[in-house]
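>>> Return atomic coordinates for the entry below.
(one chain, ligands or ions: 1)
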Amino acid sequence: MWTYLILISSIVYLFYRWFTSKYDYFIQRGLPAVKPKFPFGNTPAAYTQKRNFYYDLDEIYQSYRKKTPFVGYFEGGTPKLLVISPEIIKEILIKNFSHFHHNEFTEMFNKEADPIFGRNLAVLKGQEWKDKRTEISPAFSNNRLRSLFPLVEDALKSFRNFIVKEIPKNEPFDIREILAKFTTDVVASCIIGVDAQSFTKVKPEIREMGRKYMDFTSSDVQFKMLLLTFFPWIRKFKKISIINKEVNEFFINLMEQAVTMREKSNTKRDDYLSYLIELKKKKNLADIDMAAHGVTFFTDGFETSSLAIAYMLYEIANDKRVQEKLRKQINEELIDENGKIIYEKMLEHEYLDQIFHETLRLHPIIMFFNRECTEEIIFDCNGKDFKIEKGMSVNVPIYSIHRDPDYFVNPTEFVPERFDAENGGVKEFRNRGVLMPFGDGGRICIGMRFALMQSKAAVIEIVRNFELSVNNKTQKPLVLDPKQYMNIKVGGLWLDLKTI
Ligand code: HEM
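Below is the predicted model of the structure:
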């Protein structure tokens, strides 16, 4: 009995010593750092899920924002950096991108375990990432986006018809859910050339699978992610798949069927699928790579964009002044005599652009993003040299920067006019590195212009046809969902819509 007790205590002690062995990492190097606590370090919420993990990062940001350009902290037993200074963020993302071209995803997923997500551009690294990014970038050219717009208009029609049909029921709309249907329709039509029928089918399969693909909240996935954050070395011995197999197969099949149908039918459509088919011919692309390109667009595109539009409509509903001003400008400037959206004017429209950016300033969909140091580099930290070593993970807390009163007056208020030309416009804030809803530098979001296009179109369609107000069912103040890694609020966003 005593032997067992001693053995177990020794194991626990050794584990504790091993786990906390890096807790003086930053002290030894003279860098400001938050004191870690065993076993969760400085981010207990990531493991306990009592609140959203981002609140832990925000607390660190708030404590150090006037004191240091970056600060050390721990996730579990792993030392990480939180960058606070926009100048250093720009150095990392742009000027010294060659020292920081990976992110943490690249280590968490791999092709063997997750054949599709492991090939997602956001996960690839090194030369392979560079080649794939170059390969796929032309698919997002201005001309191609322009030719996709009629497909967006078709989806808008189903979206509007759905709302018109539902209004007599006198129930509020969970705007997040209907926008996920809308963007699923848009993306399915633009990538695979099919109508996902999200608004008309009782159980729209593509929407359901899309929901499952992006659901990182199941206990199985949460457990695996936890395991990989606490014991990252496990990956070397065991391939752990995060994405559900059934969902993976569904999307691979969908993509294969779409390619076969398109090749057989000889249809000429200047969409994303036709670009992939050209690519397949030119570069002898494997089927799995084709599927991965398609699914990446689908998964990275539909949920991020649907959330962005939902927040835009929520803020517009919440502010009658902005709503009326925007509606007036839409009717006077953005609709032609046939009642159609004028595409070029929509893209350039200043007020719509300001609303889009002000919404994503307050509600960045990706609240922080990450880079991993790929080649060591020295930065100045409060007059002292600090070496960022290869492998160190660096987090960029955009949600906190977007709400920092040093960069934005009355930061929690929704004021699109803060981006007026006399303040330098959106560009000025982006150049200063304080507005980054799509990231920046070599890994900036590849779908940014597509997202802008479909978001603006959806907002025009809704604001010109319906009067919006926030329903009491929306929980206020808005609180981040403890289980989500994207900016998703507890209880949904509920709006009342009235036909104009
Ligand atoms: C409003 C909607 C969207 C938001 C807010 C958003 C935001 C972001 C952010 C913050 C990043 C990380 C950038 C960085 O690390 O510097 C990113 C990367 C990425 N996004 Fe988006 N995104 C949106 C829509 C889309 C769409 C429509 C697509 C469709 C293809 C897409 C595809 C990607 C891809 C593939 C990456 C990885 C790029 C790389 O690592 O090279 N996103 N996005």
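>>> Now do stretch 249-263: everything it contacts.
Contact with stretch 249-263 is made by 115-116, 191-194, 205-206, 209, 213, 269, 273-274, 276-277, 280, 287-288, 290-291, 294-295, 298, as judged by CB atoms under 8 Å, 6 or more residues apart in numbering. Every residue, glycine included, has its C-beta placed from N, CA and C.
>>> Within reach of the ligand, which of these are there?
Filtering the contacts of stretch 249-263 for proximity to the ligand by CB under 6 Å from any ligand atom leaves nothing.
>>> Am I right that Leu81 sits in a strand?
Yes - Leu81: assigned to a strand according to DSSP: H, G, I helix; E, B strand; the rest coil.
>>> next helix or strand past the longest helix belonging to the chain?
Secondary structure of the chain per DSSP state H: the longest helix is helix 287-318. Downstream of helix 287-318, the first helix or strand assigned by DSSP states H and E is helix 320-329.
>>> helices and strands around the helix or strand that comes right after that following helix, which ones?
Counting by DSSP H and E, the next helix or strand C-terminal to helix 320-329 is helix 343-348. Secondary-structure packing of helix 343-348 (3 or more CB pairs under 8 Å, 6 or more residues apart in numbering; DSSP states H and E): helix 448-465.
>>> The helix it packs on: how far from the chain's middle?
Computed by CA atoms, centre = their mean, to the nearest Å, the chain-centroid distance of helix 448-465 equals 18 Å.
>>> for it, which positions count as buried?
Neighbour-count burial for helix 448-465 flags 450-465 (criterion: 16 or more other CB atoms under 10 Å).
>>> Of those, which fall within the contact range of the ligand?
Near the ligand, by the rule CB under 6 Å from any ligand atom, you find 450-451 out of the buried residues of helix 448-465.
>>> ok, the buried residues of helix 448-465 vs Glu315, which is closest?
Val459 (10.3 Å; CB to CB).
>>> what's near enough to touch the closest one?
So Val459 contacts 309, 312-313, 316, 326, 352, 355-356 (CB under 8 Å, 6+ apart).
>>> Over to Lys95?
Going by CB under 8 Å, 6+ apart, Lys95 touches no other residue.
>>> And Gly193, by the same measure?
By CB under 8 Å, 6+ apart, the neighbours of Gly193 are 258, 261-262, 267, 269, 271, 273.
>>> what's it sitting at in phi/psi?
When read as degrees, to the nearest 10, the backbone of Gly193 gives phi 70, psi 30.
>>> Can you tell me which residues in the stretch 351-500 of the chain are near the ligand?
Within reach of the ligand by CB under 6 Å from any ligand atom, the stretch 351-500 of the chain has these residues: 365-366, 369, 437-440, 443-447, 450-451.
>>> same thing but 5 Å
365-366, 369, 437-439, 443, 445-447, 450-451 (CB under 5 Å from any ligand atom).
>>> Just the ones in strands from the residues you listed, please.
If you go by DSSP state E, these have Phe369 in strands.
>>> can you confirm Leu495 is in a strand?
Yes - when three-state DSSP is applied, Leu495 is found to be in a strand.
>>> Spit out the contact partners of it.
Counting by CB under 8 Å, 6+ apart, Leu495 touches 172-173, 175, 313-314, 317, 468-471, 474.
>>> Please convert those residues to JSON lines, extending it with secondary structure, neighbour count and pLDDT.
Output for the contacts of Leu495, formatted as JSON lines (DSSP: H, G, I helix; E, B strand; the rest coil; neighbours: other CB atoms under 10 Å; pLDDT from 0 to 100):
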{"residue": "Pro172", "secondary structure": "coil", "neighbour count": "18", "pLDDT": "97"}
{"residue": "Phe173", "secondary structure": "strand", "neighbour count": "23", "pLDDT": "97"}
{"residue": "Ile175", "secondary structure": "helix", "neighbour count": "26", "pLDDT": "96"}
{"residue": "Leu313", "secondary structure": "helix", "neighbour count": "28", "pLDDT": "98"}
{"residue": "Tyr314", "secondary structure": "helix", "neighbour count": "24", "pLDDT": "98"}
{"residue": "Ala317", "secondary structure": "helix", "neighbour count": "25", "pLDDT": "98"}
{"residue": "Leu468", "secondary structure": "strand", "neighbour count": "21", "pLDDT": "98"}
{"residue": "Ser469", "secondary structure": "strand", "neighbour count": "14", "pLDDT": "98"}
{"residue": "Val470", "secondary structure": "strand", "neighbour count": "20", "pLDDT": "98"}
{"residue": "Asn471", "secondary structure": "coil", "neighbour count": "17", "pLDDT": "98"}
{"residue": "Thr474", "secondary structure": "coil", "neighbour count": "19", "pLDDT": "97"}
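>>> Perfect, that will be all.
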